[in-house]
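S.K.: build the 3D model from these lines:
(chains A and B)
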2 protein chains.
Amino acid sequence: MSTAIDELQAIIAELKTELEEQKTATRNARDKIEHMSAEVVDSNPYSRLMALQRMNIVKDYERIRDKSVAIVGVGGVGSVTADMLTRCGIGKLILFDYDKVELANMNRLFFTPDQAGLSKVAAAARTLSFINPDVRIETHNYNITTVENFDNFLATISTSGIEQGQPVDLVLSCVDNFEARMAINAACNEHNLNWFESGVSENAVSGHIQFIRPGDTACFACAPPLVVAENIDERTLKREGVCAASLPTTMGITAGLLVQNALKYLLNFGEVSDYLGYNALNDFFPKMTLKPNTQCDDRHCLQRQKDFQARPKPVVVVEEEVSNEPLHASNDWGIELVAEDAPLPAVDATSKSADVATGLRLAYEAPDKLDTTSSAAETVVGDGAPEASLEDLMAQMKSM
Amino acid sequence: MSTAIDELQAIIAELKTELEEQKTATRNARDKIEHMSAEVVDSNPYSRLMALQRMNIVKDYERIRDKSVAIVGVGGVGSVTADMLTRCGIGKLILFDYDKVELANMNRLFFTPDQAGLSKVAAAARTLSFINPDVRIETHNYNITTVENFDNFLATISTSGIEQGQPVDLVLSCVDNFEARMAINAACNEHNLNWFESGVSENAVSGHIQFIRPGDTACFACAPPLVVAENIDERTLKREGVCAASLPTTMGITAGLLVQNALKYLLNFGEVSDYLGYNALNDFFPKMTLKPNTQCDDRHCLQRQKDFQARPKPVVVVEEEVSNEPLHASNDWGIELVAEDAPLPAVDATSKSADVATGLRLAYEAPDKLDTTSSAAETVVGDGAPEASLEDLMAQMKSM
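M.R.: The predicted model follows:
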């Protein structure tokens, strides 16, 4: 009898070990690494990144560990953005989303079918920590556009830097709606934080990124999409049984361009694009720079514009290595580049004339107050272009 | 006593169930789906892809299930390429690689640290089947460049179509060396298969894709990189303690551009780029078309050129929707496009004069036989540009 018990207990011990192994295999694949090494061995997850120094691309790659980046929206673009930054060994990631993973998201990279039903931030945090345990991951599972959450969002991005109490180094917007973009814009204008806006069109074949430096370049409110300016509730535009198309290619490329430019900014190499578009149908990549709108509705933006004008302009340092390729060679629209030290036009709040950002024309005279009736815009969206969503229209506006 | 045994057996039953759940969770996350549905529900992994039809981008998306694609090289570009095609619901993928996953690969997307030590094709097949069990995955764990394996490779790509015995619909080269590219080139010329070549530079900040249609566009041997033409053994150039740099961004973007153009070709939408480059430092995307070299060393290429000239040219069908954007607007080098129905220059095998592909100039007069001494090239690689690898030099050649 006691032999039987011994045998059963041996089986239990064995099963427990196997279960522990099974669980461990999906949790800790490697130990934390204190310092990035350039040593060329198969077991070094940073050798190919540290090699950027030997290739004269990045001066001090390990500085990436001192950077904290907030990602708002962990969907098709945001999740791949987080994945790339995690594999690059970023110091800290702060993820915001309030959505759940669904099987309907499986046509984009990153999430896996077993995660269906989990919150996007929780599922992402688990995968990211597993991929690189050196990265600090902080998650916020709420919608940033409600009054209370907006305050939390504001407080978080202004205090969650690598050193607690310091702001994050960069905010990346990977959201899919106008309201959230305006919330990020308001927050970054208020706290003077540089951020990248990104987006993918509803027909899945175009995307863009835009680098916004408050006061220096146009903010998101400086040149709002015309239809959205009418204050429609976006949710009224969603129709039952209809969804946006998406492709892992367009989302992956947009995330890649976003993170590449974020890396160039954070690690100070190459040339950061102010606006970069991508049209998948003909592999067309428009580039441009938008100046701030001196009539912007965001009062913090106007203040940042004043600050920027008053700021002593940086001394232009001639770089040692100059690329042989033409700068902005793919700028096919002849839109002029604005040098960082170019003087801004004087802010004249009383003027109504079209002193509008480069590359845009006013489709209407700026009114004193926005028309709050939304019927006109609804007619356009509902009848004229049944397939056109706000995303779509925004992309069209952007590419004008 | 028997109560104790009952209790122990209950514990065993519980542990077995938990273990089974743990194992199952990482194996079958969803059942197979027989037909792609456009129904907009959270549980449909194809709703966002089928929406491409309603958006007038793709006519019949489900045709993707009738396509078989071979991916040679399952590294930084190849693994993401396989991931994207799997999530798009491709019918069949045939993966070739002979390398193992290492922690040193973790700075690129797709593989996870727990897979270190597994063969790349086995690890990839497991993840891909888990993500989308509808995709048929076939793996080949060998180096395609040995004599015996080359024959296997040739037989596989010419018979592993969706219908057994038929060739694959497309070959995607995601390898990292000249020898493998030449092997793929030889195979595709022999069997008249269309393929995409891809590559990322050793300094991690540029990449390219090239669409090769035997006889119609330049094959890989039509315009070989000059240094490699000297027949150096690439392995002699690898130095101890030195590795190429890589970034998940550049690799992800290159994979994205590769798969996007493969989708445009397979599903017949948009405009497939013949050559598309990417320079990460200034977000520059050169495009061009290379005509075949009438003095190409590959006899199958010369035969394909003859076949192409003899083929009745397709009737040009005017498409319903014409983009308002300029075609090839980002062609900044003034390289002319070659229409599909443009006549080829007559093949004159006796001529030595520089009848070379558009966009290239000969750096030397084509010799009767290649010089087999490699000292000159070694000097260039070893002294003149210590960081320049073949990859690097090839990329430079390509962008000339």
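S.K.: any weak-confidence spans in the stretch 201-350 of chain A?
M.R.: A:225-239, A:315-350 (pLDDT under 70).
S.K.: now with 80?
M.R.: For the stretch 201-350 of chain A, the stretches flagged by pLDDT under 80 are A:224-241, A:313-350.
S.K.: measure the spatially most central residue of chain A to A:F96 for me?
M.R.: Among the residues of chain A, the one closest to the centroid is A:L172, at 2.8 Å (CA atoms, centre = their mean). Distance check for A:L172 against A:F96: by CB to CB, to the nearest Å, it reads 10 Å. Where you see a C-beta, it was placed from the backbone N, CA and C, and this is true even at glycine.
S.K.: report the set of residues contacting both of those two.
M.R.: Overlap of the contact sets of A:L172 and A:F96 (by CB atoms under 8 Å, 6 or more residues apart in numbering or on different chains) consists of A:A70, A:I71, A:V72.
S.K.: which element is the first one on?
M.R.: Pointing back at A:A70 there. Using DSSP states H and E, A:A70 falls within strand A:68-72.
S.K.: adjacent strands (with direction) for that strand?
M.R.: In the sheet, strand A:68-72 lines up against strand A:92-96 (parallel), strand A:170-173 (parallel) (DSSP bridges).
S.K.: all helices of the stretch 51-200 of chain A, in order?
M.R.: Ranges of helices in the stretch 51-200 of chain A, per DSSP state H, counting those that start in this stretch, are A:78-87, A:120-131, A:147-159, A:178-191.
S.K.: now, of the ones you listed, which is deepest in the fold?
M.R.: Ranked by mean neighbour count under mean count of other CB atoms under 10 Å in any protein chain shown, the helices of the stretch 51-200 of chain A are led by helix A:78-87, which reaches a mean of 28.
S.K.: can I get that helix in PDB, CA atoms only?
M.R.: Only the C-alpha atoms of helix A:78-87 are listed here, as PDB (Å, rounded to 0.1, in the frame of the first residue of the first chain):
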ATOM      1  CA  GLY A  78       1.200  50.500 -31.900                       C
ATOM      2  CA  SER A  79       1.900  46.900 -31.000                       C
ATOM      3  CA  VAL A  80       4.600  46.500 -33.700                       C
ATOM      4  CA  THR A  81       6.000  49.800 -32.600                       C
ATOM      5  CA  ALA A  82       6.300  48.500 -29.100                       C
ATOM      6  CA  ASP A  83       7.800  45.200 -30.300                       C
ATOM      7  CA  MET A  84      10.500  47.000 -32.300                       C
ATOM      8  CA  LEU A  85      11.400  49.400 -29.500                       C
ATOM      9  CA  THR A  86      11.500  46.500 -27.100                       C
ATOM     10  CA  ARG A  87      13.900  44.500 -29.300                       C
END
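S.K.: packing partners for that helix?
M.R.: Counting by 3 or more CB pairs under 8 Å, 6 or more residues apart in numbering or on different chains; DSSP states H and E, the packing neighbours recorded for helix A:78-87 are strand A:68-72, strand A:92-96, helix A:120-131, helix A:248-267, helix B:248-267.
S.K.: let me have the ones you listed in JSON lines, adding distance to B:D31 as columns.
M.R.: Converted to JSON lines, the helices and strands packed on helix A:78-87 look like this (distance: least, CB to CB, whole Å):
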{"stretch": "strand A:68-72", "distance to B:D31": "33"}
{"stretch": "strand A:92-96", "distance to B:D31": "31"}
{"stretch": "helix A:120-131", "distance to B:D31": "21"}
{"stretch": "helix A:248-267", "distance to B:D31": "22"}
{"stretch": "helix B:248-267", "distance to B:D31": "25"}
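S.K.: what's the closest of those to A:K291?
M.R.: Closest approach to A:K291 among the helices and strands packed on helix A:78-87 is made by helix A:248-267 (19.2 Å; CB to CB).
S.K.: is there proximity between that closest one and chain B?
M.R.: Yes. For helix A:248-267, a contact with chain B is found by CB under 8 Å from any CB of the partner chain, at A:248-250, A:252-253, A:255-257, A:259-261, A:263-264.
S.K.: most neighbours, which of these?
M.R.: A:A255 (35 neighbours; other CB atoms under 10 Å in any protein chain shown).
S.K.: tell me the spacing between that one and A:G207.
M.R.: For A:A255 relative to A:G207 (CB to CB), the value is 9 Å.
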